[in-house]
Each structure stands twice: as C-alpha cells, then as structure tokens.
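> Test case, fold it:
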Amino acid sequence: LGKLKQLERSDQYDLIVVDGPAAGHAITFLLAARGLLDTVRGGPIRTQALDVLEMLGDPTRCQVVLVTLPETTPVNELVETAYALEEHVGVQLGPVVVNGVDAGDGDLVIPDGADPALAAAASFRNARRAMHHREIERLSDALAIDQTHPPHVVTAGITRDDVARFWQERVKPGS
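Numbers count the residues shown, from 1 in each chain. Coordinates of the predicted model:
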C-alpha cells in the first residue's frame, strides 16, 4: 500500500490499476494500514499508514472496482465484500464489472424435430441467459452501483484497442 501511495503521489500516471487479491483477502490487504496505525504510536511508519488511509478514503484518489460473474455464489461474495469495504475500509466503490454475461437477445428457438443434442444445448443456453439476467437484477437490487458488462472477446489475449473500445462502452447506469 505504501508503494501505491508513492506511485500515486509521483504524478507520473493518470491511472494506477492494481489487480488485487480475492474478496476476503482484499479486505485484509486494505486494512493493513489501519492495523499499523493501531500498532505504531509514532514515527515514519505511522505517518505512512496515515497517508495510506487518507489516500484510501479519498474517492478522487482511490476507488475499488469489484469484479464478479453473473452467478449466485460470486454475486453473494461481491455484495458481502462491497459492504465490508465501505464499512471497515472506508473506500469508495467504482462500477462493478460483471464478466462472462451471456447477453444474447431472447431465447434460442429450435424447430420441432431438430437434433436432440442441439435442442438440449439451446435449452441449456436459454437457462444460462435467464440465470445471468436474474443475478444481474439481484446485484442491482442489492447494490446501487453502476455495472459494466465487458463484451465477450474470444482470443488468447486482448489488445490495447480492445481495452479502449471496452472503456468507451463501459458503464451501464442503473443496470
């Protein structure tokens, strides 16, 4: 966290993105500065802990963007983490990223007499789309935070152009 504060204060970067640990570990990571503050009564370590806590509490300098899948357990974990971050860490939440959304329009329709395997695949996909829709709605009801649903990109890696396109289309208010 001290290194993040140092990078942020250097004014060399417009944006610093940290791919942090998973939910419960992220809270422990972000509470480390508070732990130091509670332990150290003075000196440079206490000063650094105070500086880090100031950065974490300033939404113009720091926000946490949580990422989930549109499935029951990941959504439950994200909601719990969001509340814990706000209550215990005091950090502002940015938009929620919901990965892996099957965003197809409507149900897949298979004509009568179609191959049973094709019909089963279509039925599975329709059920998956319905589940994704329900979980996204549940997430919206639980957290009044904007969501973004990145497009599904089938590739071994993404390019700078892919990232730029994603950020241009990113936040869907009220979704």
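> His88 contacts Ile27, correct?
Yes: using C-beta atoms under 8 Å, His88 makes contact with Ile27 at a distance of 6.5 Å. Where you see a C-beta, it was placed from the backbone N, CA and C, and this is true even at glycine.
> okay, these two: which has more neighbours?
Ile27 (19 against 12; other C-beta atoms under 10 Å).
> Apart from its neighbours in sequence, what residue is nearest the more buried one?
Of all residues not flanking Ile27 in the chain, Ala84 sits nearest, at 5.3 Å (C-beta to C-beta, 6 or more residues apart in numbering).
> what's the pLDDT at that neighbour?
pLDDT recorded at Ala84 is 90.
> Also Val153?
In this model, Val153 carries a pLDDT of 68.
> Mind picking out the helix or strand in the chain with the poorest mean pLDDT?
helix 160-168 (a mean of 76; mean pLDDT, DSSP states H and E).
> ok, back up a step: how far is the helix or strand harbouring the residue nearest to Ile27 from where the chain is centred?
Under the criterion of DSSP states H and E, Ala84 resides in helix 72-84. Taking C-alpha atoms, centre = their mean, to the nearest Å, one finds helix 72-84 lying 10 Å from the centre of the chain it belongs to.
> For it, give me every contacting residue.
Residues from elsewhere that reach helix 72-84 (C-beta atoms under 8 Å, 6 or more residues apart in numbering): 23-24, 26-27, 66-69, 93, 96, 135, 138-139, 142-143, 145.
> how about that helix: buried residues?
Buried residues in helix 72-84, defined by neighbour count with 16 or more other C-beta atoms under 10 Å: Pro74, Val75, Glu77, Leu78, Val79, Thr81, Ala82, Ala84.
> The helix ranked longest in the chain packs against which elements?
Counting by DSSP state H, the longest helix found in the chain is helix 116-142. Contact partners of helix 116-142 among helices and strands, from 3 or more C-beta pairs under 8 Å, 6 or more residues apart in numbering; DSSP states H and E: helix 72-84, strand 96-98, strand 147-148.
> hmm, back to that, nearest to Asp105, of the contacts of helix 72-84?
Nearest to Asp105, judged by C-beta to C-beta, of these is Glu135 at 17.9 Å.
> wouldn't that closest one be in contact with Val101 here?
No: counting by C-beta under 8 Å, Val101 is not a contact partner of Glu135; they are 9.2 Å apart.
> Looking at those two, which one has more neighbours?
Higher neighbour count among Glu135 and Val101: Glu135, with 21 against 18, using other C-beta under 10 Å.
> Burial check on the spatially closest residue to that one that is not a sequence neighbour, number of neighbours?
Nearest residue to Glu135, sequence neighbours excluded (C-beta to C-beta, 6+ apart): Pro70, at 4.3 Å. A total of 25 residues lie near Pro70 under the criterion other C-beta under 10 Å.
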